[in-house]
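K.L.:
With the sequence up front, the predicted model follows.
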Amino acid sequence: MLYIERIKALREDSDKNQTQIAKAIHVAQTTYSDYEKGKVRIPVDCLIELAKLYDVDMNYITGVSNKKRSFPTE
């Protein structure tokens, strides 16, 4: 699964809209929409914020792994 599909699926699974997620990671809704559409690459700091928000590790959120593990706390 591509990371753009993964972030959309995570958002939908959490019953949040794009505006709520954009606000949580401190970007405009239109910017977040572009992330989900793959029009703009997601900066690493935003990927980290998304991983923290959904409590998943970076390997899962980027599609490297299909195992959903918690975001590391250390």
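P.N.:
Thanks, I have it.
K.L.:
List the residue ranges of the chain that fall below the pLDDT cut-off.
P.N.:
Scanning the chain for pLDDT under 70 picks out 1.
K.L.:
can you give me the strands for this structure?
P.N.:
Counting by DSSP state E, the chain has no strands at all.
K.L.:
what number of residues lie near the nearest residue to residue 57 once chain neighbours are set aside?
P.N.:
Sequence neighbours aside, residue 69 is the residue nearest to residue 57 in space, at 4.6 Å (criterion: Cβ to Cβ, 6 or more residues apart in numbering). Every C-beta, even on glycine, is put in place using the N, C-alpha and C of the backbone. Counted with other Cβ atoms under 10 Å, the neighbours of residue 69 add up to 12.
K.L.:
didn't residue 69 look like it was pressed against residue 60?
P.N.:
Yes: here residue 69 reaches residue 60: they are 6.4 Å apart, a contact under Cβ atoms under 8 Å.
K.L.:
Common neighbours of the two, please.
P.N.:
With contacts defined as Cβ atoms under 8 Å, 6 or more residues apart in numbering, no residue is shared by residue 69 and residue 60.
K.L.:
Identify the residues contacting the residue nearest to residue 57.
P.N.:
So residue 69 contacts 56, 57, 59, 60 (Cβ under 8 Å, 6+ apart).
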